[in-house]
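Visitor: what shape does this take:
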Amino acid sequence: MSRALMAGSTDYSHQSFDDMVEDLKDWLKSLKEVYGYLEENSSLLDKGDYWKNVDYDVQATLRYSSKFFNTSIVEIDSIISDFEFEVKPNHISRIKSLSRTASELNIELGKVWHEEPWEYNKEFGNPNFQILERMYGEARDMAVDMIDLSNLAGRLRDFSGYQPGVRKVKDEKPSVVFNMQGQHVGNQYIASNDINQTFNTIMEWKQVPIELKKLHEVLHETIGQEKDYEHITVEVEGHLEQALTEAEQPQPNKKSILQSLTEAKALIEGIASAAMLVTAIMQAAALVRSFIK
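Guide: A predicted model of the protein is given here:
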């Protein structure tokens, strides 16, 4: 939705859950653009050795802005992914925290930019200063825009406990294909069909644990073979084991299984060689959700 011109005054009281998710995605897109802009131009000023001419507080605040925007990207992306399962109180508090920090950043940017002696040392005709000035403008505009996150969080509180991803399935389970045959995973080429599974044939819960076990195989076929990701492999395996253990219980807590799968996926998102494992976990989660009534 279009946000109000005055910072922090957008009314979210009438917005639906889907409207708010779309707004979060819009913020995410803007944050990525601004973060990329700041990083790119910061590098240009580094190459031109111009930072030495910039007031220390201005430098520090702009660099902090870039770091904060990157943190916000990770936070909002994680929250949107979590919404697939449930809206939780920590999502609301995390969004409000981003808004609060953005408000403080907006004030600090304005303060350091206009403080003496920097106010009188600005080199308006210098192309490098013009780059710096645009960086300041982009950072401050982004911080101001993020203040409205507080209003979104206030409305989101009404949806605490809401489970958007839960769908009632009565007569049949969805067709979920988990096929890795012939795929390239990092330096590995998976030709065997041993770990290729078609979940659309699964109609009874007792078969689910069998399929979840296959995720361990996929893990060790992908990042499990890379020394750089040994610690992540251990953590992911722990979450997958939790999901499997719960699935094997007489009365499994399916939401707990979904949470374990979500946490496993969060650890490997962004790792190129784990792309196929991420897909496999998402498909496994879809399978588990199909049994939630």
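Visitor: just the helices in the stretch 1-150 of the chain please.
Guide: Using DSSP state H, counting those that start in this stretch, the helices of the stretch 1-150 of the chain run over 17-47, 56-82, 89-114, 118-121, 127-146, 149-156.
Visitor: if you count neighbours, what's buried in the third one?
Guide: Right, the one you point to is helix 89-114. For helix 89-114, burial by neighbour count (16 or more other Cβ atoms under 10 Å) applies to 91-92, 94-96, 98-99, 101-103, 105-106, 108-109, 112-113. From N, CA and C alone the C-beta is placed, and that goes for glycine too.
Visitor: between these, which sits nearest residue 59?
Guide: Nearest to residue 59 out of those is residue 112 (Cβ to Cβ; 9.2 Å).
Visitor: ok, the closest one - contacts?
Guide: Residues in contact with residue 112 (Cβ atoms under 8 Å, 6 or more residues apart in numbering) are 55, 57, 58, 61, 118.
Visitor: next, work out how far apart the residue lying closest to it once chain neighbours are set aside and residue 138 are.
Guide: Excluding the flanking residues, the one nearest residue 112 by Cβ to Cβ, 6 or more residues apart in numbering is residue 57, at 4.2 Å. Here the distance between residue 57 and residue 138 works out to 18 Å (Cβ to Cβ, to the nearest Å).
Visitor: higher neighbour count, these two?
Guide: residue 138 (20 against 14; other Cβ atoms under 10 Å).
Visitor: now the nearest residue in space to residue 20 that is not next to it in sequence: how far from residue 233?
Guide: Of all residues not flanking residue 20 in the chain, residue 152 sits nearest, at 5.5 Å (Cβ to Cβ, 6+ apart). Note on residue 152: its distance to residue 233, by Cβ to Cβ, is 36 Å.
Visitor: contact partners for the residue lying closest to residue 134 once chain neighbours are set aside?
Guide: Nearest non-adjacent residue to residue 134, counting by Cβ to Cβ, 6+ apart: residue 41, 7.3 Å away. Contacts here follow Cβ under 8 Å, 6+ apart; on that basis residue 41 touches 131, 132, 134, 135.
Visitor: can I assume residue 162 sits in a helix?
Guide: No. Counting by DSSP: H, G, I helix; E, B strand; the rest coil, residue 162 is located in no helix; its state is coil.
Visitor: if anything else comes up later, I'll come back, but that's it for now.
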